[in-house]
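Asks: Next input, structure requested:
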Amino acid sequence: MKIKSIIFLVVVLFFSYQNCSQKQFADETSQKSQNVVSSQKLSDLQVQNLKFFTEKDSEIQKGDHKFYVKTKTLYSLDTESGVLAEHDQAADTLNTFCLNTELLNEIRSLISSSSICRSGPSTAEACAQVITDPYAELVTAGDLIQLGSASDACGSNKIDLCDDQSSVLKGWIESVHSQLPQLGCGI
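Replies: Residues are numbered from 1 along each chain as shown. Sure, this is the predicted structure:
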């Protein structure tokens, strides 16, 4: 009989517990969501290198079988010299290009006039725990900034260029990619 009494007491205590701190938690959450974005000027960060990626479908032959896989081509731009290195993962090749003055001035202008915005946690009730990969990376004197990255599908802790500068950068990347055949380095 004693065991039944103890079990009954534990069950009553378990179900009668009240969490009195919920209102305080809601107040803290609303305070955090009011100040979710902080920014920092890129010109203060001394950007040395811009890395970006393109994906393509590649065909790989293994014996009599063909496989189609998504591969990345990695680009690394030295923002000082204008030299662009291209590493094709599927072909395992490394090519070098040189940006023309117009493209180099565009990216330098974008870097000098942009800021990095970092958002806080999302206020959504539930988010898929899917990390959002970056579309580009900035290498500074002391940091690697992954543009477009976020810690979940709702955009928590997102890092990107402020305002609409991310679409300007993406447009610049597309422009460079389309002009690659004309961007050879002189001997």
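Asks: So Arg118 sits against Ser38, correct?
Replies: Yes. Arg118 is within contact range of Ser38, at 5.2 Å (criterion: Cβ atoms under 8 Å). No exception for glycine: its C-beta is placed from N, CA and C like everyone else's.
Asks: So for these two, which residue has more residues nearby?
Replies: The residue with more neighbours, out of Arg118 and Ser38, is Arg118; 15 against 11, by other Cβ atoms under 10 Å.
Asks: what residues are up against that one?
Replies: Under the criterion of Cβ atoms under 8 Å, 6 or more residues apart in numbering, the neighbours of Arg118 are Val37, Ser38, Ser39, Gln40, Asn157, Lys158, Ile159.
Asks: So Ser115 sits against Ser38, correct?
Replies: No. Ser115 sits out of contact with Ser38 when judged by Cβ under 8 Å, with a separation of 9.9 Å.
Asks: Nearest residue to the most centrally placed residue in the chain in space, please, no chain neighbours.
Replies: Nearest to the mean C-alpha position of the chain, counting by Cα atoms, centre = their mean, stands Ser149 at 2.1 Å. When the adjacent residues along the chain are set aside, Ser149 lies closest to Pro134, with 4.3 Å between them (Cβ to Cβ, 6 or more residues apart in numbering).
Asks: Can you tell me how far that neighbour is from Lys70?
Replies: Applying Cβ to Cβ, to the nearest Å, one obtains 16 Å for the distance of Pro134 from Lys70.
Asks: Out of these two, name the residue with the larger neighbour count.
Replies: Under the neighbour definition other Cβ under 10 Å, Pro134 and Lys70 were set side by side, and Pro134 has more, 19 against 9.
Asks: any idea how far Ser39 is from Tyr68?
Replies: Between Ser39 and Tyr68 the computed distance is 41 Å (Cβ to Cβ).
Asks: More neighbours: the two, which one.
Replies: Ser39 (13 against 9).
Asks: a strand runs through the more buried one, doesn't it?
Replies: Yes. Judged by DSSP: H, G, I helix; E, B strand; the rest coil, Ser39 forms part of a strand.
Asks: State the number of residues packed around Asn95.
Replies: Other residues within reach of Asn95 by the criterion other Cβ under 10 Å amount to 15.
Asks: Isn't it up against Ser76?
Replies: No. Under the contact definition of Cβ under 8 Å, Asn95 does not touch Ser76, with a separation of 11.4 Å.
Asks: so what sits against both of these two?
Replies: In terms of Cβ under 8 Å, 6+ apart, Asn95 and Ser76 are both contacted by the residues Ala85.
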